[in-house]
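*Asks:* Give me a model of this one.
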Amino acid sequence: MMPTVFAEVLAARRADYNGRMHAARQRYPRLAQDVFLGFLHSHVGPLAETVDALAPLRVAGVVDACYDAALELVGRALVGPAAAGSALRDSWRDVMPRFAGLLAGHPAEVVGLLSNAALYLAAIPGTRCGQWNQEMIAASASIGTLAQLRAAGQINAWRAGAAHFRAGALAACTTLPEALALALLHAPPGVPLDEVMRQMAADPWWHGLDVHGCREREIGAFSGFGGQFGAPPEVRAADDGFLVRARDRAFFLVADAYGAVLRPSSIEEFGLAPPNNGDVCVNATTVAVTAPTTHAIRLVAA
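*Replies:* Okay, the predicted model is just below:
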C-alpha cells in the first residue's frame, strides 16, 4: 500500500493527475504505467511522508512537482528497467529527503536541481556519483537556501570528478558562509578559506586533507571496450589542459586532483597546438604520459 498521506493527495486530485498522465502519454508513447506507479510508490510516497512531518500544508505542492517530474523521467526511460545506471534513482531515494525543508518551499526547483545534477554527473565517464550523494547528505544540515544547494552541488560535483567545474566551483565557494565552504572542501583544520582558495588557484593538484583528491589521474580506454579512444591518443599541451587526438576525433582534456574529463574539440583546434615530441607532454601544472601500446593517458602533477 502507498503511504497514507500520499494516497490521500492522489485520491483528492485523481482527475487532475489522470489528465496529466494522459497528456504525458501523448508526449511519451512508450511511458510504462507499471514503472511509473512503481516509482511513485518507492520514491515519491516516502518523500511525501518526510515533508508531511515538517510542513503538512506543503505536501500537495511537493506531490505535484514530483508527479510531473516522474512522468517525464519514466517517459524518457531515465528511471526503470531501461535506465542506464541508478544515479537518478539513488538521488531521489537518498539525497532528496535530506532537503525536505527546501523541497517543501521550492518543490519544482529542488526536484529539478537534484535530478539534473544526478543525470549530468552520471553522463560523464569516470565521475563518482556515489561520492556526490554522500557529500550532499553530509552537508545537508548546513544548507538552508536554494543558492547554497546549487553552490554545494557544483562544488561536490567538481570534487566527484567533474574537473571542468573547477573554476565555477571555486567561485561558488566565495558565495557560501566560510564554515560551509571549508567543510565542503574538506579543508585542513584552522586554515582560513582565503588561504585554501589561494592554494587551489595556484595548484590544481593541491587538495589539502581531502581523501578524494590525489596527485595523479588516468583517463582513456579503447572505444571497442566502451572507452573514448579508437587508437592510442596523441596529446598536445594547452594553457589549462591538453588537446587530444585519436584517429578522427579530438578532445580537450581537463585534469586536476579530483578527476579528468574529456570535452569535445575539433581536429582543427588540435592542429593549431604546438606538436609534442615523444610520449611525455607537459603544461604549466601537469605531465601527460602516453604510449603507442595503450589507449590510456596518465596525468601527474608537475
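*Asks:* quick one, strands of the protein?
*Replies:* Listed in chain order, the strands of the chain (DSSP state E) span 216-219, 234-238, 241-246, 249-256, 259-264, 280-282, 286-289, 297-301.
*Asks:* Out of the ones you listed, which is closest to E49?
*Replies:* Judged by Cβ to Cβ, the one of the strands of the chain that comes nearest to E49 is strand 259-264, at 36.0 Å. No exception for glycine: its C-beta is placed from N, CA and C like everyone else's.
*Asks:* between that closest one and strand 297-301, what angle do the directions make?
*Replies:* 130 degrees (axes from the mean of the first three to the mean of the last three Cα atoms, to 10 degrees).
*Asks:* Run me through the strand neighbours of strand 259-264, direction for each.
*Replies:* With DSSP bridges as the test, strand 259-264 is paired with strand 249-256 (antiparallel).
*Asks:* Where does the prediction get shaky in the chain?
*Replies:* For the chain, residues meeting the criterion pLDDT under 70 lie at 1-3.
*Asks:* How is it partitioned into domains?
*Replies:* The domain map for the chain lists 4-123, 216-301, with the assignment taken from automatic domain parsing.
*Asks:* Please tabulate the ones you listed in TSV, including the columns mean neighbour count and distance to A138.
*Replies:* Output for these, formatted as TSV (neighbours: other Cβ atoms under 10 Å; distance: least, Cβ to Cβ, whole Å):
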stretch	mean neighbour count	distance to A138
domain 4-123	18	9
domain 216-301	18	16
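*Asks:* could the strands of the chain be laid out in JSON lines, adding distance to G19?
*Replies:* Below are the strands of the chain laid out as JSON lines (distance: least, Cβ to Cβ, whole Å):
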{"stretch": "strand 216-219", "distance to G19": "48"}
{"stretch": "strand 234-238", "distance to G19": "53"}
{"stretch": "strand 241-246", "distance to G19": "50"}
{"stretch": "strand 249-256", "distance to G19": "46"}
{"stretch": "strand 259-264", "distance to G19": "41"}
{"stretch": "strand 280-282", "distance to G19": "59"}
{"stretch": "strand 286-289", "distance to G19": "55"}
{"stretch": "strand 297-301", "distance to G19": "52"}
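*Asks:* wait, which of these is closest to V74?
*Replies:* Among those, the nearest to V74 by Cβ to Cβ is strand 259-264 (29.3 Å).
*Asks:* Quick one: work out the angle between that closest one and strand 241-246.
*Replies:* Going by the same axes, to 10 degrees, strand 259-264 makes 60 degrees with strand 241-246.
*Asks:* follow-up on the earlier one: and the domains of the chain as CSV, adding distance to L184?
*Replies:* Putting the domains of the chain into CSV (distance: least, Cβ to Cβ, whole Å) gives the following:
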stretch, distance to L184
domain 4-123, 14
domain 216-301, 12
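*Asks:* for the ones you listed, which one sits closest to A167?
*Replies:* Of all the domains of the chain, domain 216-301 sits nearest to A167, with 9.0 Å by Cβ to Cβ.
*Asks:* what's the first-to-last distance across stretch 288-302?
*Replies:* 9 Å (Cα to Cα, to the nearest Å).
*Asks:* Distance from it to the middle of the chain?
*Replies:* Chain-centre distance of stretch 288-302: 26 Å, with Cα atoms, centre = their mean, to the nearest Å.
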